[in-house]
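Peer 1: Sharing a model that was predicted from the sequence below.
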Amino acid sequence: EFVRQAAAGFQQLPTGQGNGDVHAPGGRFVWRAHGLTPASIGLGLFVGILLCFSNMYFGLQTGWITMGNVQAALLGYGLCRVLGVPLTVHDNVILQTTAVAAATLPLGAGFVSIVPALRLLGMELSPGGLLLWCTATAFFGVFFAVPLRHQLLLREKLRYPSGIAAAELIKVLHAHKDARRDDVSMSIAGSDGASTAGGAEDGEDDTGLLLEGKGDGDGSGGGGVRRAVAAAAAAGELSVARDPGDMAAQWRVLLGTLSASAAFEVLAYFLPALRRVPVLGAGAPARWGWVFAISPAYVGQGMIMGMRVVASQLAGAIFAWALVGPLVREAGWAPGPINDMQTGAQGWLVWFSLAVILGDSLAALGIVIVKAVLAYRAGFGAELADTASPPYCQVPRVTWATGLAVSSLYASIVCTFLFERPFYEPLVATVMALLVSLLAVRALGQTDMNPVSGVGKLSQLVFAGVSPHSVPASLMAGGIAEGGATQSGDMMLDLKTGLLLGTAPRAQFYAQLIGSVASIAFTLAAWHIYDSAYAIPGPEFEVPSARLWLDMAQVIAGGALPPHLLPFCLTGFFVSASLPVIEMLRPEWEDYMPSAVAFGIGMYLNAYWSIPRMVGALVAAVWRRRRPRAFATFNVVAASGLVLGEGVTSVLTALLTTSHVPPWTCGGCYPTTCPSCFSGNASHA
């Protein structure tokens, strides 16, 4: 229907109808009124492909993925200004919805986890198999999110802070000239949980800036939202544009940092010694990963992630790579090469970190379940008014129900052939994925963090009762759950933004489907480019999360832990599981508590990835203290430019590697600090 209307020419809105009145007379749904236009879809796909390639690159390196909903809204708005294309509020909502759907399939389809884990297991999916796997995991989460909208957004009024942030940013970008000068725009980068916005509101003030409302039942009305916005801006979690001059300056900063990061990525390709500098010497410290990785992107990630998360990750790296790892090797418990996953210290540390991450994830999901049960017993109060979405703007029940049934059945059939399992096993895995996806989207609404890895491993644990001794079946169950949780979470955040801005769920639903279809092509192209240029897993792309998934599957299937490891795993599990409970009981302690997940990530990542992130967090902390206004205005914008510059330019360097373009010199490189010059790659030989 969308293609037909695009070909025939979109209907023009009646005179006087704009962003505040988007319903056609007579109860007809007008596509253009809700932003579903060729321009919004096209620009969304353009931004989405940039984010998709960036996500594939950083995901293969360290597992780091960003949704990019706010970056997409900002980039799309800027591109429209440059190109002279008109863009309404609803156009921008659809643009960022499309971009997010197109950007996150590297995680949703497991290309940064499950697919490399299968390769480690010796199970290589053909190009056709990868295409089928993408189509099997890309859609059922989208259909599943539609019926959850009424319960989670209107009845329970879950906040989804990044969805609020995107709505605030879009509304301010498109605000009229007479809007009050003290209103702010909010930019929160990524889906890593570094965002908060107190209070989910359901009304608009007289300027239409979503800062007033009846609150969400927790006592936080519009004033509470304003205070939360101001506090978040001061904390550097938001980018504040106080006037058009600030917005222009933000664009200059974004383009400047993006260009500088891209230029360094190209320079480091030709001078690989720049990538990792052995500041402590090329001996034992370098062998244990204590080198300085010069990476603008990871500095930018540290600026976004915040000191609590980054400090926890660095503490995990110090604990693992400066204390436990050397002690384990000295004791003879991991006698192999340090980075050997079977007999070396890194393999031992991956098991330990898995226990830490699993303890925190399962405890957090348990808290989500307890809160949901208590909320049901207490009642949710009055529902939010859904005035922006009359019946003809909703997704028809027959559409989402049929789509959910067909996509779930399709995923089960595809996995039956890909993994050579009885049909009932992938069918059970798909049903289980829907259940754990519900936990994931609830956690996302409460914490702004989508625990896709945690729910995937929970699925692996439960699925052990269905197929107890099959490692591929365990990976299949975890991958299906990860895909469902990713797509459902993306859709719920976008629906939150649309609810606040009055965009029809029906339009967002179709935009999400269009982005998901396009993401299949984008993701396969990105995988092919990087896989052709580098060994995956290999020195350039270690894919540490793949080892976590594989180790989990192997131990569930009856595999043995390395010697002397069990007491460490049990201790790490219960200590990390206690932290979410303490935070729930004493929320005032949260800012001073370590992040167990970040600590575990620091344990399994090589130490050199944690160092530039700490540099970024320190830069942000000093900047915030000395120039708080400039920090609030430019921090996230500058950091996003650093991340996107390196991520997008990595496609160029991968193509140079595939074309066997050699570096200018490998002078200054060491085997322990510059793997590209010592990995046997023809282009760096």
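Peer 2: Right, received. Where do you want to start? Residues are numbered from 1 along each chain as shown.

Peer 1: Low-confidence bits of the stretch 351-500 of the chain, can you list those?
Peer 2: Within the stretch 351-500 of the chain, the segments meeting pLDDT under 70 span 375, 377-389.

Peer 1: what are the ranges of the helices in it?
Peer 2: Secondary structure of the stretch 351-500 of the chain by DSSP state H, counting those that start in this stretch: the helices cover 397-418, 424-447, 452-463, 471-501.

Peer 1: so Gly558, which of the three states?
Peer 2: Secondary structure, DSSP: H, G, I helix; E, B strand; the rest coil: Gly558 is coil.

Peer 1: Find the nearest non-adjacent residue to it, please.
Peer 2: Spatially, and ignoring its direct neighbours in sequence, Gly558 is nearest to His469 (5.9 Å; CB to CB, 6 or more residues apart in numbering). Bear in mind the C-beta positions are built from the backbone N, C-alpha and C, glycine included.

Peer 1: Next, find the distance separating the one you found from Leu427.
Peer 2: To Leu427, His469 is 19 Å away according to CB to CB, to the nearest Å.

Peer 1: So for these two, which residue has more residues nearby?
Peer 2: A count of neighbours by other CB atoms under 10 Å puts Leu427 above the other of His469 and Leu427, at 19 against 11.

Peer 1: from the helices of the stretch 351-500 of the chain, which stretch is densest packed?
Peer 2: Mean neighbour counts were taken over the helices of the stretch 351-500 of the chain using mean count of other CB atoms under 10 Å, and the top value, a mean of 29, falls to helix 471-501.

Peer 1: mind listing what the closest residue in space to Arg442 that isn't next to it in sequence touches?
Peer 2: Leaving aside its sequence neighbours, Arg442 sits nearest to Val368 (CB to CB, 6+ apart; 5.0 Å). By CB atoms under 8 Å, 6 or more residues apart in numbering, the contact list for Val368 reads 439, 442-443, 446.

Peer 1: List the neighbours of stretch 79-95 that are in contact with it.
Peer 2: For stretch 79-95, the external contacting residues (CB under 8 Å, 6+ apart) are 18-19, 22, 33-37, 39-41, 43-44, 46-47, 72-73, 76-77, 170-171, 173-174, 494, 497-498, 501-503, 507-508, 511.

Peer 1: 7 Å instead?
Peer 2: 19, 22, 34-37, 39-41, 43-44, 72-73, 76-77, 170-171, 173-174, 497-498, 501, 503, 507-508, 511 (CB atoms under 7 Å, 6 or more residues apart in numbering).

Peer 1: For Leu557, give me its contacts.
Peer 2: Actually, residue 557 is Ala. It isn't Leu. Contacts of Ala557 (CB under 7 Å, 6+ apart): 469-471, 474.

Peer 1: what do you get if the cut-off is 10 Å, keeping everything else the same?
Peer 2: Under the criterion of CB atoms under 10 Å, 6 or more residues apart in numbering, the neighbours of Ala557 are 460, 464, 467-474.

Peer 1: and which of these is nearest Ala518?
Peer 2: Comparing the contacts of Ala557 against Ala518 with CB to CB places Pro472 closest, at 29.0 Å.

Peer 1: Where does the prediction get shaky in the chain?
Peer 2: 1-34, 176-247, 282, 375, 377-389, 666-685.

Peer 1: try it again with 50
Peer 2: 1-26, 176-238, 240, 242, 388, 673, 678-685 (pLDDT under 50).

Peer 1: Can you give me the neighbour number for Ile318?
Peer 2: 16.

Peer 1: Which neighbouring elements make contact with whichever helix or strand it is part of?
Peer 2: Using DSSP states H and E, Ile318 falls within helix 307-318. The contact analysis (3 or more CB pairs under 10 Å, 6 or more residues apart in numbering; DSSP states H and E) places helix 307-318 against helix 296-305, helix 345-378, helix 596-604, helix 610-626.

Peer 1: Of all the residues in the last one, which ones are buried?
Peer 2: Residues of helix 610-626 classed as buried by neighbour count (16 or more other CB atoms under 10 Å): 610-621, 623-624.

Peer 1: Pro337 reaches Thr343, doesn't it?
Peer 2: Yes: the criterion here is CB atoms under 10 Å, and Pro337 meets it with Thr343 at 7.7 Å.

Peer 1: which residues sit in contact with the closest residue in space to Phe463 that isn't next to it in sequence?
Peer 2: The shortest distance from Phe463 to any non-neighbouring residue, by CB to CB, 6+ apart, is to Ala477 (3.8 Å). By CB under 10 Å, 6+ apart, Ala477 lies in contact with 415, 419, 421, 425-426, 428-430, 432-433, 436, 456-464, 466-467, 470, 553, 556.

Peer 1: Over to Ser361?
Peer 2: Counted by CB under 10 Å, 6+ apart, Ser361 has contacts 443, 451-458, 576-577, 580, 596-597, 600.

Peer 1: how far away is it from Leu579?
Peer 2: Distance of Ser361 to Leu579, given as CB to CB: 11 Å.

Peer 1: shared neighbours of those two, which are they?
Peer 2: Listed as contacting both Ser361 and Leu579 by CB under 10 Å, 6+ apart are 596-597.

Peer 1: so Ser437 touches Phe144, yeah?
Peer 2: Yes: look at Ser437 against Phe144 with CB under 10 Å: they come within range, at 6.2 Å.

Peer 1: Please identify every residue contacting each of those two.
Peer 2: Common contacts of Ser437 and Phe144 (CB under 10 Å, 6+ apart): 484-485, 487-488.

Peer 1: Adding distance to Leu158, write these out as TSV.
Peer 2: Putting those into TSV (distance: CB to CB, whole Å) gives the following:
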residue	distance to Leu158
Gly484	18
Ala485	15
Gln487	18
Ser488	13
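
Peer 1: Quick check: the two most widely separated of those?
Peer 2: Taking CB to CB, the two most distant members of the shared contacts of Ser437 and Phe144 are Ala485 and Gln487; they sit 7.6 Å apart.

Peer 1: Now the common contact residues for the two.
Peer 2: Any residue near both Ala485 and Gln487 by CB under 10 Å, 6+ apart counts here, and that gives 107-108, 141, 144, 437, 452.

Peer 1: any chance of those residues in CSV, plus distance to Leu409?
Peer 2: Output for the shared contacts of Ala485 and Gln487, formatted as CSV (distance: CB to CB, whole Å):
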residue, distance to Leu409
Leu107, 24
Gly108, 19
Gly141, 15
Phe144, 14
Ser437, 17
Val452, 23
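
Peer 1: residue closest to the middle of the protein?
Peer 2: Nearest residue to the geometric centre of the chain (CA atoms, centre = their mean): Thr66, 3.4 Å.

Peer 1: Phi and psi next, for the nearest residue to Thr416 once chain neighbours are set aside.
Peer 2: Closest residue to Thr416 apart from its sequence neighbours, by CB to CB, 6+ apart: Phe423 at 4.9 Å. For Phe423, the backbone dihedrals (degrees, to the nearest 10) come out as phi -60, psi -40.

Peer 1: Can you tell me the number of residues neighbouring Phe423?
Peer 2: Here the count is done by other CB under 10 Å, and Phe423 has 13 residues near it.

Peer 1: Let me see the contact set for it.
Peer 2: For Phe423, the contact set (CB under 10 Å, 6+ apart) comprises 409, 412-413, 415-417.

Peer 1: Could you check how far Val70 is from Val93?
Peer 2: Following CB to CB, the distance that separates Val70 from Val93 is 12 Å.

Peer 1: what sits in contact with each of those two?
Peer 2: Overlap of the contact sets of Val70 and Val93 (by CB under 10 Å, 6+ apart) consists of 166-167, 170, 497.

Peer 1: Next, format those as JSON lines and append distance to Ala401 and secondary structure.
Peer 2: Shown next, in JSON lines, are the shared contacts of Val70 and Val93 (distance: CB to CB, whole Å; DSSP: H, G, I helix; E, B strand; the rest coil):
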{"residue": "Ala166", "distance to Ala401": "28", "secondary structure": "helix"}
{"residue": "Ala167", "distance to Ala401": "28", "secondary structure": "helix"}
{"residue": "Ile170", "distance to Ala401": "30", "secondary structure": "helix"}
{"residue": "Thr497", "distance to Ala401": "24", "secondary structure": "helix"}
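
Peer 1: Helix or strand: which one has the closest residue in space to Asp494 that isn't next to it in sequence?
Peer 2: Residue nearest to Asp494 in three dimensions, not counting chain neighbours: Thr97, with 4.4 Å by CB to CB, 6+ apart. For Thr97, the enclosing helix or strand under DSSP H and E is helix 89-103.
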